[in-house]
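A.B. asks: Sequence first, predicted coordinates after that:
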Amino acid sequence: MNLQNKVVVITGGASGLGQATARFLVQEKGAKVALLDMNEAAGKETVDELGGANAAFYRVDVTVEQEVDSALDAIIGRFGAIHADINAAGIPLPFKLLDKEGKASGLQKFRSVVNINLIGLFTVMAKCAERMSLNEPDEKGERGVIVNISSGAAFEGQIGQCGYSASKAGVNGLNMPAARELGPLGIRVNSIAPGLFATPMINSLNPKVQEALTAMCEAPKRMGEMEEFAMACTFLIENSYMNGRTIRLDAATTMQAK
Ligand SMILES: NC(=O)C1=CN([C@@H]2O[C@H](COP(=O)(O)OP(=O)(O)OC[C@H]3O[C@@H](n4cnc5c(N)ncnc54)[C@H](O)[C@@H]3O)[C@@H](O)[C@H]2O)C=CC1
Ligand SMILES: CC(C)c1ccc(C(=O)O)c(O)c1O
C-alpha cells in the first residue's frame, strides 16, 4: 500500500516506538496519523510537532471498547477513512509467579497486562478492520493493513515476564487466523517482535538491567534506533506480499533467563 495521504491509526502513538513511527510516516511518507493513547500531554505535543493537518490525538484507553469506537468514528469524520493500524500500546508490568513469601499473588497483574497488551490490541485491530472493510480497494485490491507490536519476550521471556510474554505470544498467535480471515477483504495482518529499543519503557529500567539486556544483543551490540523500527513498520505496510508473519527485529538477540 502506498502511504501517501493514507490514514494510519497508531495506538501508543504518544511515546516511544509508536511516536517515532508516526513521525516517520508523516515526514518521510506523506501519511496522516491518528494517535490513540492515554497520555494526553505527550499526544498533543506530538500533534503540535507534526502539524494539525497531518496528525490528530485521541485520548483512548485501548481496554475501553466505547473509547475505541468513539475515536475511530471521529477519525473517519476527520480524515475520511482508516487505511492502516499500528498497535503499539503496551506495558511491561513484570512480576514473578511466586512473590517473596512464596505466594502465588500475581493473578491481578497477569490480567492487567493481558488486558492491555492482547485484549486491547485485539479490540482496536478488530474495530479498525471493520472500518477498513468499507474502503474502496486500491489498484492492488488492498483495503487496509494491520501491524501488531509483539516482543522478543514472546519467544524467550525472562524471569518476571510470564504475563508480558504470554500477552505478546498471544499477539503472534492471532496474526495468521486474522490474516486468513481478512485476506479476502484485502486486509493484511503482520506483527513485529522488537528486541531492545531505547524508549521510555526501556529507559525506565534499572541501568544495570539495561546493560544486561544490551549485552544479549548479538550484532550490532547496541539498542535499536527508532528509525530502524519505523522503517520495519513501513515495510510491512508498503509490501503487499507480506502477510500473516511475525518479523523479529532484534540484532539476533537471544534473551537470557534474567
Ligand atoms: N522498547 C522496546 O525495547 C520494546 C518494546 N516493545 C513493545 O513495543 C510497544 C511500544 O513500546 P515502547 O514504545 O517501548 O513503550 P512506551 O512506554 O514508550 O509507549 C507505550 C505507549 O502506550 C501507551 N499505553 C499504555 N497503556 C495504554 C492503554 N491502555 N491505552 C492506550 N495507550 C496505552 C502509553 O501511554 C505509552 O504512550 C509496546 O507494546 C512494547 O511492549 C516490545 C519489545 C521491545
Ligand atoms: C524482549 C524485549 C527486548 C524486552 C525486554 C525487556 C522488557 C522489559 O523488561 O520491560 C521488555 O518490555 C521487552 O520487550
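C.D. replies: Nice, I can see it. Residues are numbered from 1 along each chain as shown. Ligands and ions are numbered 1, 2, ... in the order given.
A.B. asks: where's Q27, which helix or strand?
C.D. replies: Assessed by DSSP states H and E, Q27 sits inside helix 16-29.
A.B. asks: Just confirm yes or no for that helix near ligand 1.
C.D. replies: Yes: Helix 16-29 comes into contact with ligand 1 (CB under 6 Å from any ligand atom), by way of 16-18. Heads up, the C-betas are built off the backbone N, CA and C, glycines and all.
A.B. asks: Need the residues you listed in CSV (columns: neighbour count).
C.D. replies: Output for these, formatted as CSV (neighbours: other CB atoms under 10 Å):
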residue, neighbour count
G16, 22
L17, 25
G18, 28
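A.B. asks: Which one of these is nearest to ligand 1?
C.D. replies: Nearest to ligand 1 among the residues of helix 16-29 next to ligand 1: G16, at 2.1 Å, using CB to the nearest ligand atom.
A.B. asks: and stretch 187-202, is it in reach of ligand 1?
C.D. replies: Yes: Stretch 187-202 is in contact with ligand 1 by CB under 6 Å from any ligand atom, via 194, 196-197, 199-202.
A.B. asks: Kindly provide the whole-number mean pLDDT of that stretch.
C.D. replies: For stretch 187-202, mean pLDDT is 94.
A.B. asks: Spatially, which residue comes closest to Q161, not counting chain neighbours?
C.D. replies: A153 (5.0 Å; CB to CB, 6 or more residues apart in numbering).
A.B. asks: ok, now L174?
C.D. replies: L174 sits nearest to F122 (CB to CB, 6+ apart), 6.7 Å away.
A.B. asks: contacting residues around S133?
C.D. replies: Neighbouring residues of S133 by CB atoms under 8 Å, 6 or more residues apart in numbering: 143-144, 182, 185, 187.
A.B. asks: That one and ligand 1, how far apart?
C.D. replies: Remark: distance between S133 and ligand 1 (CB to the nearest ligand atom, to the nearest Å) = 24 Å.
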